[in-house]
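Student: below: sequence and its predicted model.
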Amino acid sequence: MNVETKRRRLDALEACHAIQQFSAGIDYNGFLADEMRQAALERKFEILGEALSRAEQSDPELADRLPELRRIIGMRNRIIHGYDAVDEEILWDAVQFKIPLLSEQVLIVLREAGEDI
């Protein structure tokens, strides 16, 4: 794995961990009531989507290993380009159900590439 691919995968993993940390201890209503937390989570989704997009460019087979890759990239695009049309329910669903699994999958991909994480 080249340095660029490794960096992007690590960025994705770090963004997943931050999303999990920023959402710990709150429910959907708490999320909706906390504009700063919403902004922080959206920013981490932007980073996650961009990191995965760049990682896929250097490793096109990554999409086969990370089934949610294109959906996360699409969410990143929606947050950036359609900032006024972000569906907070979809975002929260991803926080709760997609990110924990994606985090594990990225970790597995890194370890299989010989990274000591």
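Tutor: Happy to help now that I have it.
Student: and residue 13, how far from residue 89?
Tutor: 25 Å (Cβ to Cβ, to the nearest Å). For glycine as for every other residue, the C-beta is placed from the backbone atoms N, C-alpha and C.
Student: hmm, I was thinking of residue 11
Tutor: 26 Å.
Student: okay, these two: which has more neighbours?
Tutor: residue 11 (18 against 11; other Cβ atoms under 10 Å).
Student: buried stuff in the strand or helix carrying the more buried one?
Tutor: Taking DSSP states H and E as the definition, one finds residue 11 inside helix 3-23. Using 16 or more other Cβ atoms under 10 Å as the test for burial, helix 3-23 gives 5-6, 8-16, 18-19, 22-23.
Student: residues contacting the residue lying closest to residue 90 once chain neighbours are set aside?
Tutor: Distances taken as Cβ to Cβ, 6 or more residues apart in numbering place residue 75 nearest to residue 90, at 7.5 Å, with adjacent residues excluded. Residue 75 sits next to 45, 49, 90-91, 94 when contact means Cβ atoms under 8 Å, 6 or more residues apart in numbering.
Student: just the element for residue 75, please.
Tutor: Going by DSSP H and E, residue 75 is part of helix 69-81.
Student: next secondary structure after that helix?
Tutor: helix 88-93.
Student: how far does that next one sit from its chain's centre?
Tutor: How far helix 88-93 lies from its chain's middle: 13 Å, per Cα atoms, centre = their mean, to the nearest Å.
Student: buried stuff in that helix?
Tutor: Neighbour-count burial for helix 88-93 flags 91-92 (criterion: 16+ other Cβ under 10 Å).
Student: now do stretch 102-117
Tutor: 102-103, 105-107, 109-110.
Student: give me the contacts around that stretch.
Tutor: 1, 6, 9-10, 12-13, 16-17, 20, 62, 65-68, 72.
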